[in-house]
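Chemist: here are the coordinates; sequence isn't available:
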């Protein structure tokens, strides 16, 4: 079993940091480096080097593939770069080896497990906690996978005649920089001496690493290789609790989270794809009412401001005192809890002589405005004393 020394953990962190930077890179693609790597991959597969078609985005790539001759498109099933497109990451290969030992029992320990096409010898054993400490500390690793991120925006841009091609588009794709987290995990295992690779696979891994450092997604065909520039914007945030240990998700409240220079873009809040108008400041109370995702409803309300929501929708006054007014929205989704808001006007004048208004959401069981305001400060009922607040 491996001992996790401080130096090993530090080196693993350095490798993760490096490959996260590659994953989120927005500089122009290094076309010469990417093309050299792809040409060598073709040669290793026994194929002549292809001509290259460069596109500005996945949308441009899909259109380019659509424009290819039928012979090119239909040749995708002949096994071209199959070991690259369906490669097994080293942590997965090591786990598979250990799993095969468990299936074979004592005989497996004596004869060894299934090395597969990747490993040259048995990997160093480690438990799941050790593996997580090396690869996936909380909020420190991972980027959204390319396929699920791109599929919906591509369907929205192209007509139904592209639907059949979209499946092949995903199946034939090598994801370039989106593969950087997986490449980084492989490099952690390789550089820390946890695995020994078959020579042929070691070279392929280095070539795929060059692609991940140099370009966006790419699509190999027998007579042509379609390449994609990297995005010009790539915004992520830690996944919300319960949505993926250690992973980052696409997130930008005021613009596209992922955008390419030809205008193709993906809009997302905390990993959930949203319409462009959500991030363009064009939200309405109808958007809030019609949004089925509770977390997105909360974000819509925060982006609009609860004051505007209160002004735009019918509401019932619950109570009023010298501190403010409690309101209950009369219009809400059937699967949402009651929306109760406390409406407060700041007693301190602004420089222009106006008074700032605050509308805050509070639990639906609040019945006294003073206590509702106190709840926003974490105070129990009756404890809110404005004179003591600073």
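Modeler: The structure has been received and is ready for your questions. Not measured: the values here are computed from a predicted model.

Chemist: drop to CA atoms for contacts and neighbour counts, all remaining ones
Modeler: OK.

Chemist: tell me the SS of the nearest residue to residue 204 once chain neighbours are set aside?
Modeler: Nearest-residue entry for residue 204: residue 41, 7.0 Å, with adjacent residues in sequence omitted and distances by Cα to Cα, 6 or more residues apart in numbering. Under the three-state scheme (DSSP: H, G, I helix; E, B strand; the rest coil), residue 41 adopts helix.

Chemist: what does residue 328 give?
Modeler: Strictly by three-state DSSP, residue 328 counts as strand.

Chemist: where does it land on pLDDT?
Modeler: As predicted, residue 328 sits at a pLDDT of 93.

Chemist: dump the residue contacts of the residue nearest to residue 204.
Modeler: 81, 204, 207 (Cα atoms under 8 Å, 6 or more residues apart in numbering).

Chemist: any chance of the residues you listed in TSV, with distance to residue 120 too?
Modeler: Formatted as TSV, these follow (distance: Cα to Cα, whole Å):
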residue	distance to residue 120
81	21
204	14
207	19
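
Chemist: among those, which are in helices?
Modeler: 204, 207 (DSSP state H).

Chemist: Need the contacts of residue 41 in CSV (columns: neighbour count, distance to residue 238 and pLDDT).
Modeler: Formatted as CSV, those follow (neighbours: other Cα atoms under 10 Å; distance: Cα to Cα, whole Å; pLDDT from 0 to 100):
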residue, neighbour count, distance to residue 238, pLDDT
81, 21, 34, 78
204, 18, 31, 91
207, 21, 30, 95
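
Chemist: wait, which of the contacts of residue 41 is closest to residue 228?
Modeler: Nearest to residue 228 among the contacts of residue 41 is residue 207, at 16.9 Å by Cα to Cα.

Chemist: Give me the neighbour count for the closest residue to that closest one other than its chain neighbours.
Modeler: Excluding its sequence neighbours, the residue lying closest to residue 207 (Cα to Cα, 6+ apart) is residue 37, at 5.2 Å. Per other Cα atoms under 10 Å, the neighbour tally for residue 37 reads 19.

Chemist: Also residue 201?
Modeler: Number of residues near residue 201 (other Cα under 10 Å) recorded here: 17.

Chemist: any residues touching the strand or helix carrying it, and which ones?
Modeler: Using DSSP states H and E, residue 201 falls within helix 199-214. The contact list for helix 199-214, computed with Cα under 8 Å, 6+ apart, reads 22-23, 29-31, 33-34, 37-38, 40-41, 84, 117-118, 175-180, 183.

Chemist: Which elements pack onto the helix or strand just after it?
Modeler: Remark: after helix 199-214, the chain's next helix or strand is strand 218-221, criterion DSSP H and E. Strand 218-221 sits against strand 224-228, with contacts defined as 3 or more Cα pairs under 8 Å, 6 or more residues apart in numbering; DSSP states H and E.

Chemist: Quick one: name whatever helix or strand follows the strand it packs on.
Modeler: Counting by DSSP H and E, the element after strand 224-228 in chain order, helix or strand, is strand 233-234.

Chemist: centre of the chain versus that following strand, how much separation?
Modeler: Relative to its chain's centre, strand 233-234 lies at 12 Å (Cα atoms, centre = their mean, to the nearest Å).

Chemist: so where do the helices sit in the stretch 251-390 of the chain?
Modeler: Under the criterion DSSP state H, counting those that start in this stretch, helices of the stretch 251-390 of the chain are mapped to 276-279, 285-290, 294-304, 306-312, 369-376.

Chemist: What ranges does the stretch 1-150 of the chain have for its strands?
Modeler: Listed from the start of the chain, the stretch 1-150 of the chain has strands (DSSP state E, counting those that start in this stretch) covering 52-55.

Chemist: low pLDDT regions in it?
Modeler: Residues of the stretch 1-150 of the chain meeting the criterion pLDDT under 70: 1, 69-79, 102-114, 137-142.

Chemist: can you rerun that using 90?
Modeler: Where the stretch 1-150 of the chain drops to pLDDT under 90, the residues are 1-9, 12-13, 16-17, 45, 65-150.

Chemist: for it, what spans make up the helices?
Modeler: Per DSSP H, counting those that start in this stretch, the stretch 1-150 of the chain carries helices over the ranges 6-23, 31-44, 58-67, 70-74, 82-85, 90-111, 128-135, 146-157.

Chemist: Pipe the ones you listed into JSON lines and attach distance to residue 218 per row.
Modeler: Formatted as JSON lines, the helices of the stretch 1-150 of the chain follow (distance: least, Cα to Cα, whole Å):
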{"stretch": "helix 6-23", "distance to residue 218": "15"}
{"stretch": "helix 31-44", "distance to residue 218": "9"}
{"stretch": "helix 58-67", "distance to residue 218": "8"}
{"stretch": "helix 70-74", "distance to residue 218": "14"}
{"stretch": "helix 82-85", "distance to residue 218": "11"}
{"stretch": "helix 90-111", "distance to residue 218": "22"}
{"stretch": "helix 128-135", "distance to residue 218": "26"}
{"stretch": "helix 146-157", "distance to residue 218": "11"}
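
Chemist: out of those helices, nearest to residue 248?
Modeler: For residue 248, the closest of the helices of the stretch 1-150 of the chain is helix 6-23, at 10.2 Å, according to Cα to Cα.

Chemist: Outline the domain layout of this protein.
Modeler: Residue ranges for the domains of the chain, per automatic domain parsing: 6-234, 285-388.

Chemist: how near is the residue lying closest to residue 382 once chain neighbours are set aside to residue 380?
Modeler: Counting by Cα to Cα, 6+ apart, residue 371 is the residue found nearest to residue 382 once chain neighbours are left out, at 6.1 Å. In this view, residue 371 and residue 380 are 7 Å apart by Cα to Cα, to the nearest Å.

Chemist: what about these two, which has more around it?
Modeler: residue 371 (20 against 12).

Chemist: which residues touch the more buried one?
Modeler: Going by Cα under 8 Å, 6+ apart, residue 371 touches 380, 381, 382, 383, 384.

Chemist: ditto for residue 321
Modeler: 368, 369, 370.

Chemist: show me what contacts the last one?
Modeler: What that stands for is residue 370. Counting by Cα under 8 Å, 6+ apart, residue 370 makes contact with 321, 323, 324, 382, 384.
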